[in-house]
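In: kindly return the folded structure for what I paste below:
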Amino acid sequence: MAVSKKWFLASLAVLFLFLVGAMATVQTNKDSSTVEIGKLQNSKNSTMATRSEEVKALNEHAVADPEAVAAEVDTIIDM
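Out: Numbers count the residues shown, from 1 in each chain. Presented below is the predicted three-dimensional model:
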C-alpha cells in the first residue's frame with residue numbers, strides 16, 4: 001500500500017506546525033523564567049525599606065480579623 005504524495009506532504013506540514021508551536025512555547029517559558037530570575041536578583045539587592053513597601057502592598061487586601069475568619073471556617077467544617 002503506497003502512501004500518496006498528498007498525504008505525505010500533509011503529514012509533513014502538520015509535523016512542522018507542531019514543532020513550531022513547541023518551539024514558541026519553549027521560548028515563552030524561557031522569557032518568563034528570565035523575568036523571574038531578574039526579580040529574584042533585584043530582591044536580593046534591595047533594601048529593607050523597599051521590601052517593607054512590597055510587603056505592605058501585598059497585605060493591602062488582607063482580612064481585618066483573621067481570628068474571625070478562622071472561627072467561621074471551623075464552624076463550616078463542624079457542620
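In: quick check: pLDDT value at G38.
Out: The model reports G38 with a pLDDT of 64.
In: how about the helices of the chain, start to end?
Out: Assigned by DSSP state H, the chain shows helices spanning 5-45, 48-58, 66-78.
In: for A24, give me its contacts.
Out: Residues counted as contacts of A24 (Cβ atoms under 8 Å, 6 or more residues apart in numbering): none. (Glycine included, C-beta is placed from N, CA and C.)
In: dump stretch 59-72 to PDB, restricted to CA.
Out: In PDB, the C-alpha atoms belonging to stretch 59-72 read as follows (Å, rounded to 0.1, in the frame of the first residue of the first chain):
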ATOM      1  CA  ASN A  59      -1.000  42.900  52.800                       C
ATOM      2  CA  GLU A  60      -3.300  45.600  51.400                       C
ATOM      3  CA  HIS A  61      -6.100  43.000  50.700                       C
ATOM      4  CA  ALA A  62      -5.600  41.000  53.900                       C
ATOM      5  CA  VAL A  63      -8.600  40.500  56.200                       C
ATOM      6  CA  ALA A  64      -9.100  42.800  59.200                       C
ATOM      7  CA  ASP A  65      -9.700  40.000  61.700                       C
ATOM      8  CA  PRO A  66      -8.100  36.700  60.800                       C
ATOM      9  CA  GLU A  67      -9.400  35.100  64.000                       C
ATOM     10  CA  ALA A  68     -13.000  35.700  62.900                       C
ATOM     11  CA  VAL A  69     -12.300  34.100  59.600                       C
ATOM     12  CA  ALA A  70     -10.700  31.000  61.300                       C
ATOM     13  CA  ALA A  71     -13.800  30.700  63.600                       C
ATOM     14  CA  GLU A  72     -16.100  30.800  60.600                       C
END
